[in-house]
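Chemist: attaching a predicted model along with its sequence, questions to come.
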Amino acid sequence: MAYRVLLMNGSPHAKGCTARALEEVARTLKAEGIETETVHVGREAIRGCVACGFCRKNGRCVFEDLVNETAPKFERADGIVVGSPVYYASPNGTLLAFLDRLFYSTHFSKHMKAGAAVVSCRRGGNTASFDALNKYFGISGMPVVSSTYWNQVHGFTAADVEKDLEGLQTMRNLGRNMAFLLRAIGAEKEKSGLPAVERDSFTSFHEGK
């Protein structure tokens, strides 16, 4: 069975630190026989969600941009890797706007798609950014793929990342772990199907209920 992983680069630099980290993950996935594709988000003009409700009726965002272009790729993918530089101890704002709309506007199930976050920073803010990205997976029933350290690399340039031997090692281990998890989920899905998901209850405490 062929597995696909979609990588999303939230950096405006197509060949920067984040790209180098994602490249290491993609290279490892390919060595494991996993198909990969990378979408460059960071330099796009992505506006935030305006809560218009269009996607509830139409299954796509009202704004025709990279979000709607990426949605079918996300649906076909068995796993995703989202990479971002650290901006003020948070992921790139463009990437966050993109992910908000991508996750919210798509109606297909993301249940049991594997998800991994990758962050790059010069020095600090990495764990806060890492945490923010992982929350997209946690709310969507997506198993979060870990490694042998937080999924991060350090450096101001891609050349600096080359010196972060542990960071690159972490990316390779992440790729292997994702490949293993995809195969494990695929085997169990074929054998027993995916876990049941309940959706009936929605707690809003409206009128004291």
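Modeler: Happy to help now that I have it.
Chemist: tell me where the protein has helices.
Modeler: Here the chain has its helices, by DSSP state H, at 17-31, 54-58, 66-76, 93-105, 126-138, 158-163, 165-192.
Chemist: elements contacting the longest one?
Modeler: When contacts are defined as 3 or more CB pairs under 8 Å, 6 or more residues apart in numbering; DSSP states H and E, helix 165-192 sits against helix 17-31, strand 79-87, strand 114-121, strand 152-154, helix 158-163. Using the backbone N, CA and C atoms, a C-beta is placed for each residue, glycine as well.
Chemist: would you format those as a markdown table with mean pLDDT included?
Modeler: Conversion of the helices and strands packed on helix 165-192 to a markdown table gives the following (pLDDT from 0 to 100):
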| stretch | mean pLDDT |
| --- | --- |
| helix 17-31 | 98 |
| strand 79-87 | 98 |
| strand 114-121 | 98 |
| strand 152-154 | 97 |
| helix 158-163 | 97 |
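Chemist: how about Tyr88, nearest residue that isn't a chain neighbour?
Modeler: Closest residue to Tyr88 apart from its sequence neighbours, by CB to CB, 6 or more residues apart in numbering: Gly125 at 7.0 Å.
Chemist: report how many residues lie close to Thr106.
Modeler: Using other CB atoms under 10 Å, Thr106 is surrounded by 21 other residues.
Chemist: stretch 17-36: how far from the chain's middle?
Modeler: In terms of CA atoms, centre = their mean, to the nearest Å, the gap separating the centre of stretch 17-36 from the centre of its chain is 13 Å.
Chemist: buried set for that stretch?
Modeler: 17-26, 28-29, 32, 34, 36 (16 or more other CB atoms under 10 Å).
Chemist: point out where the chain drops to low pLDDT.
Modeler: 206-209 (pLDDT under 70).
Chemist: thinking again about what came up before, reformat the helices and strands packed on helix 165-192 as TSV; add distance to Tyr136.
Modeler: Formatted as TSV, the helices and strands packed on helix 165-192 follow (distance: least, CB to CB, whole Å):
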stretch	distance to Tyr136
helix 17-31	17
strand 79-87	7
strand 114-121	7
strand 152-154	17
helix 158-163	24
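Chemist: in this structure, which residue is closest to the centre?
Modeler: Val82 (3.2 Å; CA atoms, centre = their mean).
Chemist: what sits against the nearest residue to that residue once chain neighbours are set aside?
Modeler: Distances taken as CB to CB, 6+ apart put Met8 closest to Val82, at 4.9 Å, once the chain neighbours are dropped. Contact partners of Met8, counting by CB atoms under 8 Å, 6 or more residues apart in numbering, are 38-39, 41, 70, 80-83, 95, 98.
Chemist: check Ile34 too.
Modeler: Ile34 touches 3-5, 178-179, 182, counting by CB under 8 Å, 6+ apart.
Chemist: again with Asn173
Modeler: By CB under 8 Å, 6+ apart, the neighbours of Asn173 are 147-148.
Chemist: distance of it relative to Gly125?
Modeler: 23 Å (CB to CB, to the nearest Å).
Chemist: follow-up on the earlier one: ok, the residue nearest to Tyr88 - contacts?
Modeler: For Gly125, the contact set (CB under 8 Å, 6+ apart) comprises 86-90.
Chemist: picking that back up, distance check, the residue nearest to the centre of the chain against Asn58.
Modeler: From Val82 to Asn58 the distance is 25 Å (CB to CB).
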